[in-house]
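> What would the 3D arrangement of this be:
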Amino acid sequence: MKPPVIIPVYKPGPGFGSLARAVISDGRTELIIVDDGSPEKYSAVFSALRLLPRVQILRHAVNLGKGQALKTAFNYFLNSFPPSTPGVVTADADGQHLPVDIAALRRALSDHPASLCLGVRKFRGVPARSAFGNAVTRWVFRVFSGRAVSDTQTGLRGIPRAFLPGLLRTGGGGYEFELEMLLLAVRSGMSIREVPINTVYIGKNETSHFNPVLDSLRIYFVFLRFSAAALLTALVDNFVFALCYLFSSSALPSIVAARLIASTLSFILNKNLVFRSRARVLPEILRFTFLVALFMSISYGLVSLLTARAGMNIYAAKLLAEGALFLASFAVQNILVFIRPETGAETPYPYSGPAARP
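Below you'll find the predicted structure:
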């Protein structure tokens, strides 16, 4: 079977019915609509759509967010569609995804059932808040994941069937879920394919429920958690270092002692609070220990260089060296250390088809 189309919707606009009818107009496309707790006054819209062939409407009693609406549809798909169906295509309800582009994503996923397919837009002549939000998110995603994605906020995606169970286990019920999806794809080494689509904005994008401030904070919350944990760890690390150096006047033993204590705290915080990994502890400890040893060696080299060549105070040199390694530490831990077992290296990404290439 061809991939069905999933559209989560909250307070559908006047053009939503026409979009739904256009999606199923070929006589072969299955459409799954998730009513994410829309008020009672919109019930007539959904009642009319229930009369259409090949349309299934799922409903939340209350508004739970886009991410949770997608998960509800993923769960329905996995329980209702045969295993031969390669996956699903998700689209937005605001009219920004044209039926021709939705069809293009269905073809892309059918041709490449092991790849996450993204419908990517060009950001020329678009509303300022949309262009700015996408630019920032693209930059942040590239820094922290090591992968460049042209459109991190696109809602038009072709998602492989084998990837869906892992997505059901992730946190995030709002717009941050779509960024989590990309991070999981990178972690699993999945191929990400970009399919050019039309760039459509209605007015100044006032139909979108995306809040550029609040939802961006939620999207970056994993990094904010990491920053808070890193700050606490840094305080412990520098306190122990200063104490040891006061008595020993030797940089290397002081760095080693401080790093051993701070790293233990860092591992506990990052595993349980930052990345919320559920993978086995021992493999993560081994990877984390290797990372600590590597970064400690780099840190010692930088401190030695800054104090010997630049004549910098040793405490200032250590703060500068640790700050320079901060972003690299986040990226490596996010991708290589704390890996969810359902999509990570310990349980290889399961699918039938050619090997995925990053």
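
> which residues of the stretch 1-150 of the chain score low on pLDDT?
Filtered on pLDDT under 70, the stretch 1-150 of the chain yields the residue ranges 123-134, 143-145.

> what about the strands in it?
5-9, 31-36, 55-60, 87-90, 116-120 (DSSP state E, counting those that start in this stretch).

> Mean neighbour count and distance to I197 added to the ones you listed, as CSV?
Just so you know, the C-beta spots here come from the backbone N, C-alpha and C atoms, and that holds for glycine as well. Below are the strands of the stretch 1-150 of the chain laid out as CSV (neighbours: other Cβ atoms under 10 Å; distance: least, Cβ to Cβ, whole Å):
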stretch, mean neighbour count, distance to I197
strand 5-9, 25, 14
strand 31-36, 24, 18
strand 55-60, 16, 23
strand 87-90, 28, 12
strand 116-120, 24, 4
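
> Name the stretch from those that approaches A185 most closely.
strand 116-120 (4.8 Å; Cβ to Cβ).

> Mind giving me the packing neighbours of the closest one?
helix 99-111, strand 157-160, helix 176-187, strand 192-196 (3 or more Cβ pairs under 8 Å, 6 or more residues apart in numbering; DSSP states H and E).

> I'd like to know how far the residue nearest to the spatial centre of the chain sits from A135.
Closest residue to the average C-alpha location of the chain: E180 at 2.1 Å, with Cα atoms, centre = their mean. Distance of E180 to A135, computed by Cβ to Cβ, to the nearest Å: 20 Å.

> Over to R309?
Taking Cβ to Cβ, one finds R309 at 38 Å from A135.

> Those two: who's more crowded?
A135 (12 against 8; other Cβ atoms under 10 Å).

> Tell me the spacing between the more buried one and D151.
11 Å.

> now swap in K2 and tell me
24 Å.

> now do S84
Taken as Cβ to Cβ, the span from S84 to D151 is 29 Å.

> Compare neighbour counts for these two and give me the winner.
D151 (20 against 9).

> helix/strand/coil for the more buried one?
coil (DSSP: H, G, I helix; E, B strand; the rest coil).

> how far away is it from W139?
Shown here: D151 relative to W139, a distance of 13 Å by Cβ to Cβ.

> Give me the three-state assignment for the residue lying farthest from the centre of the chain.
In the chain, counting by Cα atoms, centre = their mean, F247 sits farthest out from the average C-alpha position, at 45.7 Å. Following three-state DSSP, F247 is assigned to helix.

> What of G155?
Under three-state DSSP, G155 comes out as coil.

> The closest residue to it other than its chain neighbours: what's it in contact with?
The spatially closest residue to G155, leaving aside those adjacent along the chain, is D92, at 4.1 Å (Cβ to Cβ, 6 or more residues apart in numbering). Residues in contact with D92 (Cβ atoms under 8 Å, 6 or more residues apart in numbering) are 7, 155-156.

> now swap in Q56 and tell me
Q56 touches 30-33, 76, 80, counting by Cβ under 8 Å, 6+ apart.

> 7 Å instead, please
Contact partners of Q56, counting by Cβ atoms under 7 Å, 6 or more residues apart in numbering, are I32.

> That one bridge partners, please.
I32 (DSSP bridges).

> count of residues packed around I314?
17.

> ugh, wrong one, I meant A328
13.

> Got the domain ranges for the protein?
5-219, 223-337 (automatic domain parsing).

> tell me the most buried of those domains?
Among the domains of the chain, the stretch with the highest mean neighbour count (mean count of other Cβ atoms under 10 Å) is domain 5-219, at a mean of 18.

> State the distance from R157 to L319.
Taking Cβ to Cβ, one finds R157 at 42 Å from L319.

> possible to save the strands of the stretch 1-150 of the chain as a markdown table with distance to L252?
Below are these laid out as a markdown table (distance: least, Cβ to Cβ, whole Å):
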| stretch | distance to L252 |
| --- | --- |
| strand 5-9 | 55 |
| strand 31-36 | 57 |
| strand 55-60 | 58 |
| strand 87-90 | 52 |
| strand 116-120 | 45 |
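
> Is it correct that L168 is in contact with L70?
No - using Cβ atoms under 7 Å, L168 makes no contact with L70, being 9.6 Å away.

> ok, the closest residue in space to D101 that isn't next to it in sequence - contacts?
Nearest residue to D101 in three dimensions, chain neighbours excluded: I197, at 3.9 Å (Cβ to Cβ, 6+ apart). Contact partners of I197, counting by Cβ under 7 Å, 6+ apart, are 101, 104, 119-121, 156.

> and those residues, which two are the farthest apart?
It's A104 and R121 that sit farthest apart of the contacts of I197, by Cβ to Cβ, at 12.8 Å.

> Look at T289 and report its pLDDT.
With respect to pLDDT, T289 has a value of 88.

> Understood, closing this out.
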